[in-house]
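1. Below is the sequence, then the predicted model.
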Protein chains: 2
Amino acid sequence: MLHLFLYNWDVRSKWFDWCENLSFEQLTAERIGGVGSILQTLFHIVDVEHSWIRAMKGEKDLILDYESMKSLTYIRQHSEACQPEIYEFLQTWTDEQEEDLVDPHWLEGTYRKGEILRHVIAHEIHHMGQLSVWARELGREPISANYIDR
Amino acid sequence: MLHLFLYNWDVRSKWFDWCENLSFEQLTAERIGGVGSILQTLFHIVDVEHSWIRAMKGEKDLILDYESMKSLTYIRQHSEACQPEIYEFLQTWTDEQEEDLVDPHWLEGTYRKGEILRHVIAHEIHHMGQLSVWARELGREPISANYIDR
């Protein structure tokens, strides 16, 4: 599992760099599909990943407000601040935890830890695919999603 | 690894169903980003997955021509025909194979089996993210990418 998280973080970091060349208007412009803008997509993937990891650790969700964090710098800082905690969690991961049940509170039902990790991994890759279309619509080359040759 | 392949195949199958409601013109229309059209994206993910699995098995790549397979029915049939072979391969997968080297011949260099499997998984999810934007551009609801609640 750790490999795919590290892949996602590498791709995410390159998208953050890529975003440095866009204006705030381009970053926040309403786009078709996904959660609606490039910046909100980045906020969303960081927030969803962190919320699920905290739920698996039995910790309370941090309620973050996109409107008050609407800055590439803030979102990147938050992303990087969350990673050590997530990395630590993943390093202690063993397949025996696969079926452990988690109640995230902010979502109805209980979920198995294994499926949560796969959900978080797929969630980010999916949204990055959306960014790649928006990048081309802006006439720019997207960040490569290749896992090999990174 | 098997879990994420099964997830991809479930998402793919739902996209194939979804495509039944589009005209051939909508399926093959040139779109911005990715490999250029909805149908060619589906062809591409099936082809890439099968090619890598065959490479890992030391088998020769099947060279498929998109232009002569440009039909939703053909591509879906091919996708479903490949899955038993891939499933069998994945069922025999053990973490000890992670570092085994593979030379795919159609690409320069050698690659480790573990990274190939993760590449194939991420590859499909990424392209499905692109489909989701094109679906919204067509005014249609995309197939959910959620891993949980499937």
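-> Sure, I can see it. Numbers count the residues shown, from 1 in each chain, chains lettered A, B, ... in the order given.

2. Let me see the backbone angles for the residue of chain A found nearest chain B.
-> As assessed by CB to the nearest CB, chain B sits closest to A:G129 within chain A, at 2.2 Å. (Glycine included, C-beta is placed from N, CA and C.) Here is the backbone geometry of A:G129 (degrees, to the nearest 10): phi -60, psi -40.

3. wouldn't it be in contact with B:H123 here?
-> No. With contacts counted by CB atoms under 8 Å, A:G129 stays clear of B:H123, the gap being 9.9 Å.

4. number of nearby residues for the closest residue to A:Q83 other than its chain neighbours?
-> Of all residues beyond its chain neighbours, the one nearest A:Q83 is A:W9 (6.3 Å), with distances taken as CB to CB, 6 or more residues apart in numbering or on different chains. Neighbours of A:W9 under the rule other CB atoms under 10 Å in any protein chain shown: 17.

5. Check A:I143 too.
-> Neighbour tally, A:I143, other CB under 10 Å: 20.

6. center of chain A - which residue?
-> Nearest residue to the geometric centre of chain A (CA atoms, centre = their mean): A:I45, 2.6 Å.

7. I'd say that one and A:H123 touch.
-> Yes. The criterion here is CB under 8 Å, and A:I45 meets it with A:H123 at 6.7 Å.

8. Next to chain B, which bits of chain A? Give me the list.
-> Residues of chain A lying close to chain B (CB under 8 Å from any CB of the partner chain) are A:3-4, A:7, A:32-34, A:109, A:111, A:114-116, A:118-119, A:121-123, A:125-130, A:132-137, A:142, A:145-149.

9. So which of these are in helices?
-> A:3-4, A:7, A:114-116, A:118-119, A:121-123, A:125-130, A:132-137 (DSSP state H).

10. Quick check: pLDDT value at the closest residue to A:G36 other than its chain neighbours.
-> Residue nearest to A:G36 in three dimensions, not counting chain neighbours: A:E30, with 5.4 Å by CB to CB, 6+ apart. On pLDDT, A:E30 comes in at 98.

11. and what of A:D149?
-> 88.

12. got it, and A:V48?
-> pLDDT, A:V48: 97.

13. in the helix or strand where it lies, what's buried?
-> Taking DSSP states H and E as the criterion, A:V48 maps to helix A:38-56. Buried residues in helix A:38-56, defined by neighbour count with 16 or more other CB atoms under 10 Å in any protein chain shown: A:38-47, A:49-56.

14. Give me the residues contacting the following helix or strand past it.
-> As assigned by DSSP H and E, the chain's next helix or strand after helix A:38-56 is helix A:72-91. The contact list for helix A:72-91 (CB atoms under 8 Å, 6 or more residues apart in numbering or on different chains) reads A:1-2, A:5, A:9, A:12, A:16, A:19-20, A:27, A:39, A:42-43, A:46, A:49-50, A:53, A:56-57, A:64, A:69.

15. if you set the cut-off to 7 Å instead, what comes out?
-> With CB atoms under 7 Å, 6 or more residues apart in numbering or on different chains as the test, helix A:72-91 has contacts from A:1-2, A:5, A:9, A:12, A:16, A:19, A:27, A:39, A:42-43, A:46, A:49-50, A:53, A:56-57, A:69.

16. how big is the angle separating it from helix A:38-56?
-> 30 degrees (axes from the mean of the first three to the mean of the last three CA atoms, to 10 degrees).

17. The helix or strand following helix A:72-91: partners in the sheet, and parallel or antiparallel?
-> Downstream of helix A:72-91, the next assigned helix or strand under DSSP H and E is strand A:101-102. Using DSSP bridges, strand A:101-102 pairs in its sheet with strand A:111-112 (antiparallel).

18. which residues of chain A score low on pLDDT?
-> Scanning chain A for pLDDT under 70 picks out no residues.
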